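# Fold the following, please.
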Amino acid sequence: MPPLTWDAAFSGANLLAASGWLLLALAPRWRAGHVLAGLVIPTLLSLGYLVLISVYWHDARGGFSSLDDVAALFASRPLLLAGWAHYLAFDLLIGAWLLRRAQREGLPHWAMLPILALTFLFGPIGYLLYRLAAASRDIVSEDRIPRFLARLPAPLRALEWEPRLAAAGIAMALLVIHTALAYAVDPRLFNGDNVWLKPLKFEISIAIYLLSFALLLPLTGEAFQRSWLGRFTVWPVIALLYFELVYIAWRASRAEASHYNEEAALAAMLYAAMGIAAVLFTAASGILAYGLARKDAEPLPPVLRRSLILGLGLTSLLGILSGVVLSAAGGHTVGTPPLSAPVIPFFGWSLTVGDLRVAHFLALHAMQIVPAFALLASLLGRTVALRAVDAFALVYGGVTAAALVAALNARPLLGIG
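Next up is the predicted model:
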């Protein structure tokens with residue numbers, strides 16, 4: 001058979017499979033579409049596979065006992081085409097099965113679109129993403145969190161979790177497993193650090209951010225939660241944070257910079273989009289502070305309410321300010337650190353020059369640190385505790401600002417490093 005015929009058969013198989021994927025994505029509830037994508041098209045691809053194996057397997061070189069044998073086997077163009085038809089047929093079968101399962105379990109179709117796309121392109125990755133989404137949803141929907149809270153001390157038993165934010169936070173925490181494994185097996189470095197260190201840090205931080213929102217949003221009133229501001233703190237925040245993480249992880253997989261990468265028009269556009277996303281999800285903490293400050297918010301001890309509002313407000317204000325300064329500076333550090341200069345382990349903060357990430361970290365985690373202090377201060381009595389929380393928030397904001405000023409003056413760690 002002439003080589004061009006193999007290319008034509010390859011293109012035809014691709015077109016046939018692509019039509020099945022389009023049916024799954026664009027007509028998810030159409031019964032005939034499910035029959036075509038989940039039965040007819042995989043059957044046609046499998047029939048083509050059977051014909052190729054029947055005709056050309058007798059002349060095969062190689063086998064499946066080693067990578068070299070597999071490479072030799074697929075040196076045959078008809079057997080390579082058969083292998084491709086194998087992938088197309090089984091990936092489409094898995095995609096159709098995942099969609100049917102998602103519909104039975106009530107997963108929204110828009111959430112399935114990236115899963116279907118990844119199953120089409122990378123097979124097992126799409127399946128893993130589905131398992132991640134389904135497991136996170138099950139943990140929330142099957143009351144496992146309330147059962148866990150029931151085992152905690154009495155003051156913590158009344159806590160509620162916003163299910164969508166909780167599921168997204170749990171999913172982000174589970175992604176840490178993948179990235180930690182990638183960190184362990186990938187020897188590549190970028191700017192002296194393992195390429196997967198940045199995604200790992202961001203996954204941990206984003207998981208904490210989402211779970212904090214999941215815990216705090218139910219403390220606002222129902223009217224706020226139904227308002228467009230309240231709704232912004234759920235799906236838009238989830239989408240913005242996941243966009244940030246996906247972009248950073250994609251760049252890490254290529255050993256490329258995610259931040260300050262403006263080498264090409266697309267890179268500049270994506271970096272700008274990442275900056276806008278960061279401003280929006282950081283501003284959401286200020287929106288949540290407003291929801292907690294409203295008169296219709298759930299009853300809370302005054303000390304706790306004050307600390308939550310102050311912590312979220314500091315995160316919003318100082319987080320955006322430090323983020324803008326970071327972006328305008330064109331780099332994480334101010335000054336040129338010597339070769340092999342010491343840094344703080346894991347965080348990577350410089351101990352020899354100014355590092356703007358210190359202030360940004362303090363700003364973003366004020367929403368957890370200030371309330372944590374309030375829990376300790378509440379032991380002092382209401383009046384003293386309120387004053388202590390106010391003073392702590394003021395000092396915390398001052399320390400964060402001092403860290404930013406010190407970094408801008410090329411001095412590490414508030415100028416004392």
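
# packing partners for the helix or strand encompassing Leu47?
For Leu47, the host element (DSSP states H and E) is helix 41-56. On a contact count with 3 or more Cβ pairs under 8 Å, 6 or more residues apart in numbering; DSSP states H and E, helix 41-56 meets helix 3-26, helix 77-105. C-betas here are computed from N, CA, C, even on glycine.

# Phe243 is in contact with Ala277, isn't it?
Yes - counting by Cβ atoms under 8 Å, Ala277 is a contact partner of Phe243 at 5.5 Å.

# More neighbours: which of the two?
Taking other Cβ atoms under 10 Å, Phe243 and Ala277 do not tie; Ala277 has more neighbours (19 against 16).

# Assess the claim that that one and Glu244 are in contact.
Yes - the criterion here is Cβ under 8 Å, and Ala277 meets it with Glu244 at 5.4 Å.

# Map the structural domains onto the sequence of this structure.
Listed by automatic domain parsing, the domain ranges of the chain are 1-109, 143-299, 303-417.

# now the second one, how far from the centre of its chain.
The one in question is domain 143-299. 7 Å (Cα atoms, centre = their mean, to the nearest Å).

# Please, which helix or strand holds Ser258?
Going by DSSP H and E, Ser258 is not in any helix or strand.

# Tell me how many other residues crowd it.
Using other Cβ under 10 Å: Ser258 sits among 21 other residues.

# again, but for Ala268
Taking other Cβ under 10 Å as the criterion, the count of residues near Ala268 is 12.

# again, but for Ser66
The burial count for Ser66: 10, using other Cβ under 10 Å.

# quick one: contacts for it?
By Cβ atoms under 8 Å, 6 or more residues apart in numbering, no residues touch Ser66.

# if you set the cut-off to 10 Å instead, what comes out?
Ala72 (Cβ atoms under 10 Å, 6 or more residues apart in numbering).

# cool, and the one 5 residues further on?
Residues near Ala71 by Cβ under 10 Å, 6+ apart: Gly62.

# Count the neighbours of the residue lying closest to Tyr56 once chain neighbours are set aside for me.
Excluding the flanking residues, the one nearest Tyr56 by Cβ to Cβ, 6 or more residues apart in numbering is Pro78, at 4.3 Å. When neighbours are defined as other Cβ under 10 Å, Pro78 has 18 of them.

# residue ranges with poor pLDDT in the chain?
Scanning the chain for pLDDT under 70 picks out 1-4, 139-159, 415-417.

# what secondary structure does Gly63 sit in?
For Gly63, the assignment made with DSSP: H, G, I helix; E, B strand; the rest coil gives coil.

# Thr282 is in contact with Gly313, correct?
No - with contact defined as Cβ atoms under 10 Å, Gly313 does not reach Thr282; the gap is 11.6 Å.

# For the helix or strand harbouring Ala385, list every residue counted as buried.
Secondary structure from DSSP H and E places Ala385 in helix 382-408. When burial is assessed from 16 or more other Cβ atoms under 10 Å, helix 382-408 yields the following buried residues: 385-386, 388-389, 392-393, 396-397, 400-401, 403-404, 406-407.

# again with stretch 367-374
For stretch 367-374, using 16+ other Cβ under 10 Å, the buried residues are 367, 369-371, 373-374.

# and that stretch, how far from the chain's centre?
Distance, centroid of stretch 367-374 to centroid of chain: 24 Å (Cα atoms, centre = their mean).
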